[in-house]
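**Q** Quick check, what structure comes out for this input:
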Amino acid sequence: MTTEDLIMKYAIGLHKRFSAKQKQMFIRVAAKDFSDLGYAVKANTGKHKRMRSINLMVGDVKNAETLIVANYDTPQHNFGNPMKYYPFNGVSTFVSSFLPIYAPMIIGGVLMLYILMQQMPYLNFATDFWWSLFWLCLFIVCAVFTPIMTIGIGNKVNFNRNTSGVVAALRLAEELNKEQRKKVAFVLTDNGCRNHGGDYLLRESFPDLLDDKLVIMLDCVGDGDTLVIGYKDDTMQEAKDMAACFQPRPKRHLCPKEDLRYTSFSFYPRGLLLARGNFYNDVLMVENISTNKDTNCDGKAIDELVAGLKKYCGHKAKHTDEREEAAA
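**A** Numbering: from 1, shown residues only. Prediction:
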């Protein structure tokens, strides 16, 4: 299946992955696609803060040296100005998203408080039926609407976040040869747009192993002028090696720990984060997610990303085999 076919399949056919039913449908379809490529697949479920997550594990996750991780869930709809998403700065993302996403909930709560304090004590259906009925109905509507907005309403258009990462993972899985597949596994994680429950679940599933694996995260890789490799202190050399596998070479960006709060990347000590976007004031920003304008997923950019990652996985596997032979 071509990159464009996969984009259409997951960005249009399975465009919302927000509710439990939508996620279960996605897992079934994605599991079949990976299985058709010859991979073993397994769904893994768990709860974090009363929210259930379901991850899809592909390949030998326990014994693989490298994990390719991508969030597959899609965000809730943004009712304000287009939200700005910062893959390397979770604090900025939180600040940018709070009012646009939670404005309806805040307005509903304030209106309910106003009705309770200023109108309810004076309602009188005997003397002012229609006026009293209006305020009562408005209160009921707010009481129903506010909890719904607390949960959120799934965004309908999600080409870049998070369809692009899923498509890139599938295309890379198809391109890896037999030897590379022994050393590389994939995990599609849930709730990356909300409470990172899938990342908690992955860490809990492999508490003693995950810190020793190289985790390569794919986050919003389908739109933007600049591809960036984010790295940590322990993965600087890996970032250099990976950058050399791309033409033209992507930018490299050291990720300070304090900036990674509220990000999936913060869960993986030996991690690299690949993201695409536009730089503003030396910060990578992804625009139009959580809105109906998230309509861009560049198939050519995905193919270039996959080619670079395939080359890097081959390069890494070769060096691992050389070290093992030298040790023997």
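**Q** Run through the strands of the stretch 201-328 of the chain in chain order.
**A** 214-219, 226-231, 251-254, 271-280, 283-289 (DSSP state E, counting those that start in this stretch).
**Q** What's the local residue count around the nearest residue to Val91 once chain neighbours are set aside?
**A** In space, not counting the residues next to it along the chain, Val91 is nearest to Arg261; the distance is 5.8 Å by Cβ to Cβ, 6 or more residues apart in numbering. (Glycine included, C-beta is placed from N, CA and C.) The local packing of Arg261 (other Cβ atoms under 10 Å) involves 12 other residues.
**Q** hmm, back to that, let me know which of the strands of the stretch 201-328 of the chain is tucked in deepest.
**A** Greatest average neighbour count among those goes to strand 214-219 (a mean of 25), per mean count of other Cβ atoms under 10 Å.
**Q** What does the residue nearest to Val91 show for phi and psi?
**A** phi -60, psi 140 (degrees, to the nearest 10).
**Q** Quick check: it touching Ser92?
**A** No: counting by Cβ atoms under 8 Å, Arg261 does not reach Ser92; the two are 10.3 Å apart.
**Q** Who are the contact partners of Asn162?
**A** Residues near Asn162 by Cβ atoms under 8 Å, 6 or more residues apart in numbering: 17, 70-74, 192-193, 219-220.
**Q** Make a markdown table out of the strands of the stretch 201-328 of the chain and add mean pLDDT and distance to Phe206.
**A** Output for those, formatted as a markdown table (pLDDT from 0 to 100; distance: least, Cβ to Cβ, whole Å):
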| stretch | mean pLDDT | distance to Phe206 |
| --- | --- | --- |
| strand 214-219 | 97 | 11 |
| strand 226-231 | 96 | 21 |
| strand 251-254 | 93 | 26 |
| strand 271-280 | 95 | 14 |
| strand 283-289 | 91 | 29 |
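**Q** buried stuff in stretch 96-110?
**A** 96-97, 100-102, 104-105, 108 (16 or more other Cβ atoms under 10 Å).
**Q** and what of stretch 179-191?
**A** Neighbour count says stretch 179-191 has 180-181, 183-191 buried, by 16+ other Cβ under 10 Å.
**Q** end-to-end on it?
**A** 32 Å (Cα to Cα, to the nearest Å).
**Q** gap between that stretch and the chain center?
**A** Relative to its chain's centre, stretch 179-191 lies at 15 Å (Cα atoms, centre = their mean, to the nearest Å).
**Q** same thing with stretch 9-21?
**A** Worked out by Cα atoms, centre = their mean, stretch 9-21 lies 13 Å from the chain centre.
**Q** Can you get me a residue count around Gly222?
**A** 27.
**Q** got a list of what it touches?
**A** Contacts for Gly222 (Cβ under 8 Å, 6+ apart) come out as 7, 159-160, 163-164, 167-168, 276, 296-298, 301-302.
**Q** Now that we have those residues, which of them are buried?
**A** 7, 159-160, 163-164, 167-168, 276, 297-298, 301-302.
**Q** And the furthest pair within these?
**A** Greatest spatial distance in the buried ones among the contacts of Gly222: Ile7 and Arg276, 14.5 Å, computed using Cβ to Cβ.
**Q** what ranges do the strands span in the stretch 51-200 of the chain?
**A** Using DSSP E, counting those that start in this stretch, the strands of the stretch 51-200 of the chain run over 51-58, 66-71, 83-85, 184-189.
**Q** Serialize those to JSON lines and add fields for mean pLDDT.
**A** Below are those laid out as JSON lines (pLDDT from 0 to 100):
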{"stretch": "strand 51-58", "mean pLDDT": "96"}
{"stretch": "strand 66-71", "mean pLDDT": "97"}
{"stretch": "strand 83-85", "mean pLDDT": "85"}
{"stretch": "strand 184-189", "mean pLDDT": "98"}
